[in-house]
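Engineer: No sequence on hand, only this structure:
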């Protein structure tokens, strides 16, 4: 842990409390998508859901935040669908379960370029045990994507196809034999080099950091199966969710080489459908589960170190979740096993708040202060020759770093970031801004 010397002064303060709980809201209900529907969000108010029942594949699209839906299944045939990815309103990919009922087979990936009017098969696994667990494109480069299936011959190599041209062409890659299968929701793709998936038994991950030239297989901290996997854009910090291990998760800071168990402290449970989604370019991530007390979604703003519970409007049994992050606002959607769709829209991370170019560096006093449990921190960066690597960290009274709020290159401007201290004890904290050659530290007080 990073440490620095603190010089303390005695401060008289007034207790101020603040409640700032953003809620997920129920948008609508879909029928005919089965009990394990998949979801893909491509714009703040636009998304698709795929699933179906045995022998009846279905895809639906909404352009008004999940309130109304259009059936875009078109000419789809065969078994139900297990995963979906929408690049935009017209370009959509969907993978199936191989055979009716989901027992595996010659699994296929379908593609539409006209919003579901027509679908064509572009990939087949062959064999008798193929089952597509995920089609995922990079959030920072939509030309890069992967499609992963269970081994077509049961316990051989996992099937992996990769595209570098936005899905126009796909190439299969040699992976590794794992003696295991994957679960929908555990496939990740950060960029052209870093991608992988979770497998079981036991709970493991398979990851490449060199574009598929080599593969690393590692056990995560606990549980029977890896049901959710997500990485920060730094490709180092990641979170794994495994069946029967909630409310604990697994966390890595070295790209998945080693994993450490972490108890989230959340009242969440689940066996096959715990998922996690990282808001790319930030330290915020969301954890969904099959059930929980008062809600079934957890949120972290410090890379998975601490978590707070979110209200889900009474909806539980969440099967899958997806989001987009545009202009500092997260638009996230989750779907339950009975087809209910919930939405979250909230500004997170670093939010640009002024178009005026600052003339000097400036770290403002947090507001409110004292606070409970959320406070806002505003800072300014003047015009420099290039974007500066900026760090904003929070330290406790002993000088131990307890949260990293900002760790990225920022252009000149004025920014605001929230710190949610719901899992931290009352006391004096210090926040430190470092950018370029500028460093400044200020004090704040948390009272619960």
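Structural biologist: Here it is on my side, so go on. Since the model is a prediction, treat every value here as computed from it, not as a measurement.
Engineer: Contact partners for residue 70?
Structural biologist: Applying Cβ atoms under 8 Å, 6 or more residues apart in numbering, we find residue 70 in contact with 60, 61, 62, 63. All C-beta spots, glycine's among them, are computed from the backbone N, C-alpha and C.
Engineer: Please disregard the earlier target; I meant residue 260.
Structural biologist: 221, 250, 251, 252.
Engineer: partner residues bridging it?
Structural biologist: Beta-bridge pairing of residue 260 under DSSP bridges involves residue 251.
Engineer: Give the helix, strand or coil label for the residue most central in space within the chain.
Structural biologist: For the chain, the residue nearest the mean C-alpha position is residue 277 (1.4 Å; Cα atoms, centre = their mean). Secondary structure, DSSP: H, G, I helix; E, B strand; the rest coil: residue 277 is strand.
Engineer: close enough to count as contact, residue 136 and residue 186?
Structural biologist: No: Residue 136 is beyond contact range of residue 186, at 10.0 Å (criterion: Cβ atoms under 8 Å).
Engineer: returning to what we had before: tell me which of the contacts of residue 70 is nearest to residue 339?
Structural biologist: Relative to residue 339, the closest of the contacts of residue 70 is residue 60; by Cβ to Cβ it sits at 9.6 Å.
Engineer: who's in contact with the strand or helix carrying that closest one?
Structural biologist: Element membership for residue 60, per DSSP states H and E: strand 56-62. Strand 56-62 has contacts (Cβ under 8 Å, 6+ apart) with 28, 30, 32-34, 45-52, 68-73, 76-81, 84, 86, 89, 92, 94, 96, 115-116, 341.
Engineer: List the contacts of residue 24.
Structural biologist: Going by Cβ under 8 Å, 6+ apart, residue 24 touches 295, 297, 310, 311, 312, 313, 315, 332, 334, 342, 343, 344.
Engineer: quick one: pLDDT of the fourth one?
Structural biologist: With respect to pLDDT, residue 311 has a value of 89.
Engineer: how close does it sit to residue 421?
Structural biologist: 19 Å (Cβ to Cβ, to the nearest Å).
Engineer: Those two: who's more crowded?
Structural biologist: residue 421 (25 against 16; other Cβ atoms under 10 Å).
Engineer: Surely the more buried one touches residue 377?
Structural biologist: No: Residue 421 is beyond contact range of residue 377, at 11.7 Å (criterion: Cβ under 8 Å).
Engineer: Helices along this structure, start to end?
Structural biologist: Using DSSP state H, no helices are found in the chain.
Engineer: so how far does stretch 101-110 reach from one end to the other?
Structural biologist: End-to-end distance for stretch 101-110, by Cα to Cα, to the nearest Å: 18 Å.
Engineer: Flag every buried residue along it.
Structural biologist: Residues 102, 104, 105, 106, 107, 108, 109, 110 are the ones in stretch 101-110 that count as buried (16 or more other Cβ atoms under 10 Å).
Engineer: Show me which residues of stretch 353-363 are buried.
Structural biologist: Residues 361, 363 are the ones in stretch 353-363 that count as buried (16+ other Cβ under 10 Å).
Engineer: Any regions of the stretch 201-350 of the chain where pLDDT drops low?
Structural biologist: 293-294, 327-328, 349 (pLDDT under 70).
Engineer: repeat that for 80
Structural biologist: Across the stretch 201-350 of the chain, the ranges flagged by pLDDT under 80 are 281, 292-295, 326-329, 347-350.
Engineer: where do the strands sit along the stretch 1-150 of the chain?
Structural biologist: For the stretch 1-150 of the chain, the strands defined by DSSP state E, counting those that start in this stretch occupy 25-29, 38-43, 46-53, 56-62, 70-71, 81-86, 92-96, 108-112, 120-124, 132-137, 145-149.
Engineer: With the stretch 301-448 of the chain instead?
Structural biologist: With strands called from DSSP E, counting those that start in this stretch, the stretch 301-448 of the chain shows them at 308-310, 318-326, 329-336, 340-347, 351-354, 362-363, 374-381, 388-395, 401-410, 413-420, 427-435, 438-446.
Engineer: Need the ones you listed in TSV (columns: distance to residue 199).
Structural biologist: Shown next, in TSV, are those (distance: least, Cβ to Cβ, whole Å):
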stretch	distance to residue 199
strand 308-310	29
strand 318-326	18
strand 329-336	24
strand 340-347	29
strand 351-354	38
strand 362-363	45
strand 374-381	38
strand 388-395	35
strand 401-410	30
strand 413-420	33
strand 427-435	40
strand 438-446	41
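Engineer: Residue 136 and residue 186 - which one has more neighbours?
Structural biologist: residue 186 (29 against 22).
Engineer: Was I right to think the more buried one contacts residue 231?
Structural biologist: No: Residue 186 lies out of contact with residue 231 (Cβ under 8 Å); the separation is 11.8 Å.
Engineer: residues contacting the closest residue to residue 98 other than its chain neighbours?
Structural biologist: Spatial nearest neighbour of residue 98, excluding adjacent residues (Cβ to Cβ, 6 or more residues apart in numbering): residue 105 at 3.4 Å. Under the criterion of Cβ under 8 Å, 6+ apart, the contact list for residue 105 reads 79, 97, 98, 99, 127, 128, 129, 130, 131.
Engineer: Look up how far residue 81 lies from residue 105.
Structural biologist: Residue 105 is 14 Å from residue 81, where distance means Cβ to Cβ.
Engineer: Residue 164 touches residue 146, doesn't it?
Structural biologist: No: if you go by Cβ under 8 Å, residue 164 and residue 146 don't touch, sitting 10.3 Å apart.
Engineer: out of the two, which sits in the busier spot?
Structural biologist: The neighbour comparison of residue 164 against residue 146 (other Cβ under 10 Å) goes to residue 146, with 24 against 15.
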